[in-house]
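**Student:** show me how the following folds:
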Amino acid sequence: MPPTPCHTCQEFTLAEAVADGERDWSKATDCRVLRKRHQEAGECLGREAG
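**Tutor:** The predicted structure follows:
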């Protein structure tokens, strides 16, 4: 079972979903990149649970 995402990851995921709904593909991509950078930087508390 994957770890529960942290609050910041949830914010990026929500922003990505909103951007997808608005067909703003550039913004959606930005959200994915920022979420991945956040996770890889060790700032993501949700990743520690796994």
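**Student:** run a quick neighbour tally on Thr45.
**Tutor:** Thr isn't right for residue 45; it's Leu. Neighbours of Leu45 under the rule other Cβ atoms under 10 Å: 14. Any C-beta I mention is one placed from the backbone N, CA and C, and that applies to glycine too.
**Student:** next up, the contacts around it.
**Tutor:** Leu45 sits next to Cys6 when contact means Cβ atoms under 8 Å, 6 or more residues apart in numbering.
**Student:** work out for me the element the closest residue to Arg35 other than its chain neighbours sits within.
**Tutor:** Nearest non-adjacent residue to Arg35, counting by Cβ to Cβ, 6 or more residues apart in numbering: Phe12, 3.8 Å away. Assigned by DSSP states H and E, Phe12 belongs to helix 7-21.
**Student:** what's the angle from the following helix or strand past that helix to helix 7-21?
**Tutor:** Note on helix 7-21: by DSSP H and E, the next helix or strand toward the C-terminus is helix 25-40. For helix 25-40 against helix 7-21, the angle by axes from the mean of the first three to the mean of the last three Cα atoms, to 10 degrees is 160 degrees.
**Student:** let me see the mean pLDDT of helix 25-40.
**Tutor:** Helix 25-40 comes out with an average pLDDT of 96.
**Student:** other residues contacting it?
**Tutor:** Counting by Cβ under 8 Å, 6+ apart, residues outside helix 25-40 touching it are Thr8, Cys9, Phe12, Thr13, Ala15, Glu16, Ala19, Asp20, Cys44, Arg47.
**Student:** filter the residues you listed down to the buried ones, ChimeraX style.
**Tutor:** The buried residues among the contacts of helix 25-40 can be selected in ChimeraX (16 or more other Cβ atoms under 10 Å) with this line:
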select :8,9,12,15,16,19,44,47
